[in-house]
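J.: okay, here's the prediction I keep looking at, along with the sequence it came from:
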Amino acid sequence: MDLNQFIRKIPKTETHLHLEGALPWEFLVQLDPIRYGKVPFFRKPEFRYVDFAQFEKILIDHALKVFRSAEDYFKVSASIFRSALNQNIRYLETSFHAGMIEFLNIPGREILHAIHSAIPAGLEVRVFLGMSRDAYCSSLGPKLEEAVDAWDHLAGIDLHGPEELPVEEWTIPLWRKAADRGLILKAHAGEFGPASNIEFAIDKLGVRRIQHGVSACESIELMNKIADKDVCLDMCPISNYKLRAVKSWTDHPLELFLEKGIRCTISTDDPLSFNNTLEDEYTACIEKLGLPPSKLVDVAKNGFHVADLPSAVKELFMREIDVAWNEFLRSESNV
C-alpha cells in the first residue's frame, strides 16, 4: 500500500465545506459546453487569487448560474455527496448561505430539506446555516432568528464573510440562543484577520469550531488557549494558499498547531473555486507542507472526534484508520 492508497482507504471527514462553493464544474459544462468546456484560469493548479474580493466575485458569478431553486440544491447536493462517498468520506458538514434565501426568494426550510433529501446511505451529513457578518437586516434578520429557533435538522450556524467587517450587535445574542438550543457553533476567524478575531469567537461567541484560524500562530497565548479549551481548527490548506492567507506553502501553520496540541481537521472549503478534492488536501499536506504521514492519522481522527456522531461510531471509524495505517507501515517495511 502506497501513501495515495492509504489516503484513499481511510475513512475521512469533511468539516468545512460551503455548499454553493462546492458546485461541481460538470453542472456548468452541462449548462453551456462551449463556454465552460475548458478549464478556466482560476481552476488551474498554479493560480492564486489576487484577493478575497476576486475570489468571491468569481464564485458568486458561477454559482448563481446553477442555483435557482430548491431542486437545484437537491441535484447539486446529491452530486457532492456521491463524490464524497467515492473518496471514502463518511461524515460531512456543509453550510448553505443565508443570503440565498432572500436572493432566490426560497424559504430556507425548503433549501435545508432539499439538501437533507439528497443524503445517500453510508454518509452522515450535518447542515449548517452560514451567515455573513452583515447578514442581519429587517427582512433577513427574522428568518435567521426563526432558523435558530425552529428549523428541524439544522445542525448549527457559521459566521463568515470578510473579516474587516465588524461583528454586529445581533451576533452574540443569536449565537447564545443557538448554543441554548444545542446547535453547533462555528465562525470563520483568523483566515485573513488577526488572532484577536479568533479570541473573540471563542470568548464572546462561545465557538469551539474555528473555520481556518491561520493567524492563531501569531500568539503563543492564544495557541495555548485553543489547545486547553479543545477548540478545533477546521483548516483548508489549498484554500489558504490560493487565497494568500499564507505567503507560501511552507508558511502554513498546520504542523505547528498539531505540535502545540491543537486539534485540526482538513477540508476543501470551496472546490468550485480551487478545483480540489479532500484527497488533494491530504496529499498537499505531505507534498507541500512537509507534514509527516503519521500526522495524517491524527488529522483524520480529529475529524471524527469533533463529528456529531455517537461515540461507538466514532471509535469504529478511528479503528479503521489505525488498521489502514498499520497496513501502510507493514508495506513500507517490506519495500
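T.: In hand now; what should we look at?
J.: just the element for residue 163, please.
T.: Using DSSP states H and E, residue 163 is not contained in any helix or strand.
J.: does the spatially closest residue to it that is not a sequence neighbour sit in a helix, a strand or a coil?
T.: If the residues on either side of it in the chain are set aside, residue 163 comes closest to residue 193, at 3.2 Å by CB to CB, 6 or more residues apart in numbering. Any C-beta I mention is one placed from the backbone N, CA and C, and that applies to glycine too. Following DSSP: H, G, I helix; E, B strand; the rest coil, residue 193 is assigned to coil.
J.: could we number from 46 for the rest of this?
T.: Noted, 46 is the first residue going forward, which turns the last one into residue 238.
J.: how far away is residue 238 from residue 229?
T.: Remark: distance between residue 238 and residue 229 (CB to CB, to the nearest Å) = 22 Å.
J.: what does residue 148 give?
T.: From residue 148 to residue 229 the distance is 25 Å (CB to CB).
J.: the more surrounded of those two?
T.: Shown here are residue 148 and residue 229; by other CB atoms under 10 Å, residue 229 has more neighbours (19 against 12).
J.: report the contact partners of residue 209.
T.: Residues in contact with residue 209 (CB atoms under 8 Å, 6 or more residues apart in numbering) are 237, 238.
J.: distance of it from residue 235?
T.: The gap separating residue 209 from residue 235 is 13 Å, by CB to CB.
J.: for residue 111, same thing?
T.: Shown here: residue 111 relative to residue 235, a distance of 31 Å by CB to CB.
J.: comparing the two, which residue is more hemmed in?
T.: Under the neighbour definition other CB under 10 Å, residue 111 and residue 235 were set side by side, and residue 235 has more, 30 against 19.
J.: surely the more buried one and residue 257 touch.
T.: Yes: judged on CB atoms under 8 Å, residue 235 makes contact with residue 257 at a distance of 5.9 Å.
J.: could you report the neighbour count for residue 85?
T.: Residue 85 has 14 neighbours, counted by other CB under 10 Å.
J.: that one and residue 103: what is the separation?
T.: From residue 85 to residue 103 the distance is 8 Å (CB to CB).
J.: and if you look at residue 277?
T.: Per CB to CB, residue 277 is found 29 Å from residue 103.
J.: and what of residue 316?
T.: Note on residue 316: its distance to residue 103, by CB to CB, is 13 Å.
J.: out of those two, which sits in the busier spot?
T.: Neighbour totals were compared for residue 316 and residue 103, and residue 316 leads with 26 against 17 (other CB under 10 Å).
J.: check contacts around residue 331.
T.: With contact set as CB under 8 Å, 6+ apart, residue 331 has these partners: 48, 338, 341.
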